[in-house]
Structures are given as C-alpha cells and as structure tokens.
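Trainee: Predicted structure and sequence below. I'll ask about it afterward.
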Amino acid sequence: MTRSNLYITLSNGQQIVCVADSTSAPEQGYIVEEVFTPLLNFNNSIKEMDFLKKHCTMDEKRANAMYRYYIDLKTKVVTMYEEHFNYTTEKFRKAKDITYRYTSYVENLNNQDNEESN
C-alpha cells in the first residue's frame, strides 16, 4: 500500500491537508479513478469535504507517505511529487516533480474512453 499526503484547495478556496491511506500510485488506478476523478467533478465544497472524509484521514500527514499531491479544485489542476520526511528535523519536504505519472495515466484513461465510444 502506498500512502500520499494530499494538499487540497476546495472549490471555495479553503485549504486542507489529509492522507490517502489507500493505494495512491496513479498507475494502480484507484486514487485517480475512485478519488480524484469524482472529486474534480463536484464543484461544491460541502460535497467535496463529505467525499474526502470518506476516502482520507483528515488533518493529518504521514511520515511514511511516498507521494505528495496538490489538488486545486478551483482550477482543476493536480500535481504530484515524491514526499520525503526528515526524521531528525521532523519536517516534510516536497521532492521530485513526478506529475507526468499522473497525467500519463489520465491520458491513457481518456484514450480508452474515446476508443470505446467509437
């Protein structure tokens, strides 16, 4: 299981932090198809919060998280980074930008949808 720390800006501008404790590597599909895609379609901060409470641990970060996602529900932009935790200083650090892994998976999903509709 891969964990991710999520930094989310809701559609009303409120910023929250939570942890996706489920499989969160984009290539494994779950986080993109079951969490991000529905979340990006709500356009309602109350529905967004209710949905996040079902899928995430709210107001926490995990030292063993492998990824850091920034999700802006106002602009519908998702970026992805490696996440590092320094146990000496007890600080999280955003590392290498790996957004291409997310965008590549989304592009593959869109191509599959287009092929199925033809």
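Mentor: That came through, no problem. Numbers count the residues shown, from 1 in each chain.
Trainee: Show me which helix runs longest in the protein.
Mentor: Taking DSSP state H as the criterion, the chain has its longest helix at helix 99-117.
Trainee: list the helices and strands it packs on?
Mentor: strand 77-86 (3 or more C-beta pairs under 8 Å, 6 or more residues apart in numbering; DSSP states H and E). To be clear about C-beta, it is placed using only N, CA and C from the backbone, and glycine gets the same treatment.
Trainee: Pairing partners for the strand it packs on, with directions?
Mentor: strand 67-72 (antiparallel), strand 91-97 (antiparallel) (DSSP bridges).
Trainee: for the nearest residue to L73 once chain neighbours are set aside, helix, strand, or coil?
Mentor: Nearest residue to L73, sequence neighbours excluded (C-beta to C-beta, 6 or more residues apart in numbering): S11, at 4.6 Å. Look at S11: counting by DSSP: H, G, I helix; E, B strand; the rest coil, its state is coil.
Trainee: shaky segments in this protein?
Mentor: Scanning the chain for pLDDT under 70 picks out the ranges 114-115, 117-118.
Trainee: what residues are up against the residue positioned nearest the centre of it?
Mentor: By C-alpha atoms, centre = their mean, the chain has its centre lying nearest to Y69, at 4.6 Å. Going by C-beta atoms under 8 Å, 6 or more residues apart in numbering, Y69 touches S4, N5, L6, Y7, A20, S24, V78, T79, M80, Y81, Y102.
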